[in-house]
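Student: build me a structure from this.
(2 chains)
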Amino acid sequence: MKGMKKYYTQKIMWYLLTLVFAVLLNFILPRLMPGDPVSTIASKSVEGMTDATAIQKVYEDYAAKFGINKPMYVQFFTWVKNALRGDFGISFSQYPRTVSDIISSSVLWTICLQLPAIIVGWILGNLLGAIAAYMKGVFDKAILPAFLFISNVPAFGMATVLLFVFSLKLHIAPAAGGYASSMIPHMSLAFMKSVLSHYQLPFWSIVIITIGGQAIGMRSMSIYELNADYVKYSRFLGIKDHTIVKYVFRNAMLPQITGLAMSLGTMIGGNLVAEMVFSYPGLGTTMLSAVTGQDYPLLSACTLIITIMVLLANLLVELLYAVIDPRVKASQQD
Amino acid sequence: MKNTIKQIFHSGKFVTGFVIFLAILLTIIIYPLVVAKDPLAMIGNGNFFKPGTYLSIQDTVNSGKTYKMNVDATASIVESKLTMDNRSMMAEWLEKYGGVDASEIDVTDAEGLIALWEEKYDPNAEQKGLIAAKKKKYQRLDNEIDGILEDVPTIIAEKNEETGELEEVQSIDSKQYINEKDVINRQNFVLGTDNFGRDVLTELISATGSSLKIGLVAGIIATVIGLFLGLLAGYLGGFVDNLILFFTNLFTVIPSFVLLILISYSVGESQRGIMMVALLIGITAWPWTTRSVRSQVISLRNRDHVNLSKLSGHSMLRIVLTDILPYVASYVVMAFILQISSGILAEAQLSMIGLGPATTKTATLGLMMQWATQYNAHLNGAWWAYFPVILVIALISFSLNLMNTGLDQVFNPQLRD
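Tutor: A predicted model of the protein is given here:
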């Protein structure tokens, strides 16, 4: 148990370090931009003003407000201090609203959409991949090319296809938004029903894409394991087939879990773009409005939240991995 | 070398992918030679024209030779002119006041419906519970139907210069036809037009070209950086390895999508050309290549032939180039292929957020997607503006991935099924 503790602390320390770097990048990158972001904002509000001293005053006001008249490291620590308190400043494009207010309302939508969708897609994909490897024959021959193709359709592409077929042609599901536009979010049966009906299409488009990629990986891993020496040896020993299958799939599963951890960032990024297609009220749509509205505080808060979400999900997968893979346990024992 | 290539082309997957990719490539090269249109010329005045051939109406009228045909056109005219709303209105009246049984009414059969209507409808019949406005509405509907049924010729008139009166020049009835080939002015939009009125097909092909260019440049940059760092880390080991590995792990965990957004935003719109976007994608995509090259080099580092070279006093550069690089070449090629496809996808996603190439001079697949979604093509049912784009993106990445899997199976015999 002592070994596992060491493993866990090591992993958590490493992710904390990564987080520090991510935060640093999030702070530095936008500030490398030619000209400072504040002057662009200030220039918007002085539009039409003619008095030079008044313009100067506005610039100075803005500079003081955003603290850019202080040295860089002071700015960084103020920024981190504020961010830790959940204060990301005020949004430019939706003016009186604070960034944290906008973000907190959209984060939940994204998590509730992506987390279940990725998990369901991953489980279904692995099941189908394993079945394809085990059954071989027609099922495998039919399913493999289909999934190979699906896994190469970008998430936003699948989103538009589903939108066109199920919403515009068959009128089964609503086309856009997270709930009926006539409603105000509150806890009621009618609202929940509306949320659910808007949930289907974004959910399935993510699930289908995830299934495609996972099934192919699982299939080739399973085939690789099915041909391994220990399988032949087990057969010699007369171990029952379903016991062997259990061994094989457990072994084939492990790289799939690491694969999930590695590709999580790319996956979530792609899914955010799919959200935009449905104008789903999550982070993807918020990010789009931040870019179109030139709302830099909102954008950088979005990217920070997404990074933290990906890091957390990654950490979770790696911690789970240690529980599932006995080799990690063994390597930490000595 | 020759043998390897032969082996590669024996792999069904590789060949399928290669053929698809080659077909796309050839289309990009040949199409502009055949159709010399400016891909971004705004031909249509208005957005999202349906796919099809568009004939000039004036030319159609003035085309000269006309042909008489003994075809009864009324059926198809009635079918297309009688709207669904009108049909259900007719059905409603017939059922309520015409005394017709609901099972006898078939709204999909326009001619039968009209025959029934002509037989039963009487404006003076007693229509209980019907307000006057509704009664008038049915009378108007009746007039409309009469208009559809009557074969009134369309009259073309010209204004007399002197008197200012209209004089009949030509009278066209429903049996008159012209040959499509006699119409000089026509526009053929196989895939319709986009929101700016541009021919989607021509635009798509030029966009595929620029997207491939972006993918290629991004792939080359990512592969060069990844290869360099991977060789360095794997061969030198020690502190350099730890340092490079640290950054590689760092950038695999921090989503490159996020980095790309931040950098693209910082670069600013004025700087963000096609090549700039390719460069940005390239410098955020290297960690994958570094990882696989590094692990390969580590397994090679202590092989006998490498040690022999070391003992012979060969320089590090020579050892890396002659004793290590050839062994990792296959991995590098495979990683490069994947980098191209993920580069194209990255550009598309970046553009959809609005951080893609800020240009109006060239189209890319991502920009086409962005324009289509911005102008709500997907909500207006203008499928031709985005389906072909999605299909091309999927096909490119499908073909490249197939090629990659094929190569993988050739170089790693364990993976062969």
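
Student: now A:I244. Nearest residue, chain neighbours left out?
Tutor: On the basis of Cβ to Cβ, 6 or more residues apart in numbering or on different chains, the spatially nearest residue to A:I244 that is not a chain neighbour turns out to be A:S234, at 5.0 Å. All C-beta spots, glycine's among them, are computed from the backbone N, C-alpha and C.

Student: oh, I was asking about B:E126
Tutor: In space, B:E126 comes closest to B:Y97 once its chain neighbours are excluded; the distance is 7.6 Å by Cβ to Cβ, 6+ apart.

Student: check contacts around the one you found.
Tutor: B:125-128, B:130 (Cβ atoms under 8 Å, 6 or more residues apart in numbering or on different chains).

Student: what's the first helix or strand after the strand or helix carrying B:L250?
Tutor: With the criterion set as DSSP states H and E, the secondary-structure element containing B:L250 is helix B:238-253. Scanning forward in sequence from helix B:238-253, with DSSP H and E defining helices and strands, the next element found is helix B:256-267.

Student: just the angle between that next one and helix B:238-253, please?
Tutor: Between the axis of helix B:256-267 and that of helix B:238-253 there is an angle of 90 degrees, by axes from the mean of the first three to the mean of the last three Cα atoms, to 10 degrees.

Student: helix B:256-267 and chain A, any residue contact?
Tutor: Yes - using Cβ under 8 Å from any Cβ of the partner chain, helix B:256-267 reaches chain A at B:256-259, B:261-263, B:265-267.

Student: and the helix holding B:L250 with chain A, contact?
Tutor: Yes - counting by Cβ under 8 Å from any Cβ, contacts between helix B:238-253 and chain A involve B:249-250, B:252-253.

Student: in that helix, what's buried?
Tutor: Applying a neighbour-count criterion of 16 or more other Cβ atoms under 10 Å in any protein chain shown, one finds B:241, B:244-245, B:248, B:250-253 buried in helix B:238-253.

Student: the closest residue to A:I150 other than its chain neighbours: which element?
Tutor: Distances taken as Cβ to Cβ, 6+ apart put A:G212 closest to A:I150, at 3.6 Å, once the chain neighbours are dropped. Following DSSP H and E, one finds A:G212 within helix A:189-226.

Student: same thing with B:I337?
Tutor: B:I337 belongs to helix B:325-353 when assigned by DSSP H and E.

Student: give the buried residues for that helix.
Tutor: B:325, B:328, B:330-332, B:334-353.

Student: what inclination does that helix have with respect to helix B:256-267?
Tutor: Orientation check (the same axes, to 10 degrees): helix B:325-353 against helix B:256-267 gives 60 degrees.

Student: now the very next helix or strand once past helix B:325-353: average pLDDT?
Tutor: Along the chain past helix B:325-353, the next helix or strand (assigned with DSSP H and E) turns out to be helix B:365-374. For helix B:365-374, mean pLDDT is 89.

Student: since we're on residue 10, how many residues are nearby?
Tutor: As the question left the chain open, I've gone with chain A. The number of residues packed near A:Q10 is 11, by other Cβ atoms under 10 Å in any protein chain shown.

Student: meant chain B, my bad for not saying
Tutor: Here the count is done by other Cβ under 10 Å, and B:H10 has 11 residues near it.

Student: quick check, central residue of chain A?
Tutor: Taking Cα atoms, centre = their mean as the criterion, A:I268 is the residue nearest the geometric centre of chain A, at 2.8 Å.
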